[in-house]
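Chemist: My questions are about this predicted structure, shown below with the sequence.
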Amino acid sequence: MDQGGGSDVVARVAQFAELTGRPGSPGAGGLEGLQDVNVTVAAELGRVTLTIGEVLKLGVGSVLELHRSINEPVDLMVQGVRLARGEVVVVDDRFAIRIREVSEPKRRPSGV
């Protein structure tokens, strides 16, 4: 492969057509088009960092101590991003989360 100045390769800037949305068209400024999209929602009780050796030693009956106090709220995660915090409650013999705090949305950079 010739790395010198005598190469026959011509590089130029790519030209793309400008994308424009039509006012009033679906998704033209709101989240209406995303209302039926499924996302994964998880309640995270806590986390712990282990070595591979420690993970390999885990088995039935092992106790894994998490880095979270029982009094701390549980994180409600959507696609891996914290959406809210709440407390674990029981509703009809099932665990549930009562939301106590909703996270602030991340600010978009100006001009976006």
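Modeler: Cool, the structure landed.
Chemist: Mind listing what's buried along the lengthiest strand in the chain?
Modeler: With secondary structure taken from DSSP state E, the chain has its longest strand at strand 81-91. Residues of strand 81-91 classed as buried: 84-86 (neighbour count, 16 or more other Cβ atoms under 10 Å). Where you see a C-beta, it was placed from the backbone N, CA and C, and this is true even at glycine.
Chemist: JSON lines for those, including distance to residue 54?
Modeler: What follows is these, written out as JSON lines (distance: Cβ to Cβ, whole Å):
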{"residue": "84", "distance to residue 54": "31"}
{"residue": "85", "distance to residue 54": "28"}
{"residue": "86", "distance to residue 54": "30"}
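Chemist: Would you map the helices across this structure?
Modeler: Along the chain, the stretches classed as helices by DSSP state H are 52-57.
Chemist: where exactly do the strands run in it?
Modeler: Counting by DSSP E, one finds strands in the chain at the ranges 41-44, 74-78, 81-91, 94-102.
Chemist: still on that earlier bit, show residues contacting the longest strand of the chain.
Modeler: Among residues not part of strand 81-91, those counted as contacts by Cβ atoms under 8 Å, 6 or more residues apart in numbering are 41, 43, 45, 73-77, 95-103.
Chemist: swap in stretch 56-66?
Modeler: Outside stretch 56-66, the residues that touch it by Cβ under 8 Å, 6+ apart are 45-48.
Chemist: now with 6 Å?
Modeler: For stretch 56-66, contacts defined as Cβ atoms under 6 Å, 6 or more residues apart in numbering pick out 46, 48.
Chemist: how distant is it from the center of its chain?
Modeler: The chain centre lies 27 Å from the centre of stretch 56-66; the measure is Cα atoms, centre = their mean, to the nearest Å.
Chemist: average pLDDT across it?
Modeler: Averaging pLDDT along stretch 56-66 yields 94.
Chemist: hey, C-alpha coordinates of that stretch in PDB?
Modeler: Output in PDB follows, covering the C-alpha atoms of stretch 56-66 (Å, rounded to 0.1, in the frame of the first residue of the first chain):
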ATOM      1  CA  LEU A  56     -16.900 -18.100  40.400                       C
ATOM      2  CA  LYS A  57     -17.100 -19.000  44.100                       C
ATOM      3  CA  LEU A  58     -20.800 -17.900  44.200                       C
ATOM      4  CA  GLY A  59     -23.300 -20.700  44.500                       C
ATOM      5  CA  VAL A  60     -26.600 -21.700  46.100                       C
ATOM      6  CA  GLY A  61     -26.900 -20.200  49.500                       C
ATOM      7  CA  SER A  62     -24.200 -17.500  48.900                       C
ATOM      8  CA  VAL A  63     -25.000 -14.100  50.300                       C
ATOM      9  CA  LEU A  64     -24.000 -11.100  48.300                       C
ATOM     10  CA  GLU A  65     -23.800  -7.900  50.300                       C
ATOM     11  CA  LEU A  66     -24.900  -4.800  48.300                       C
END
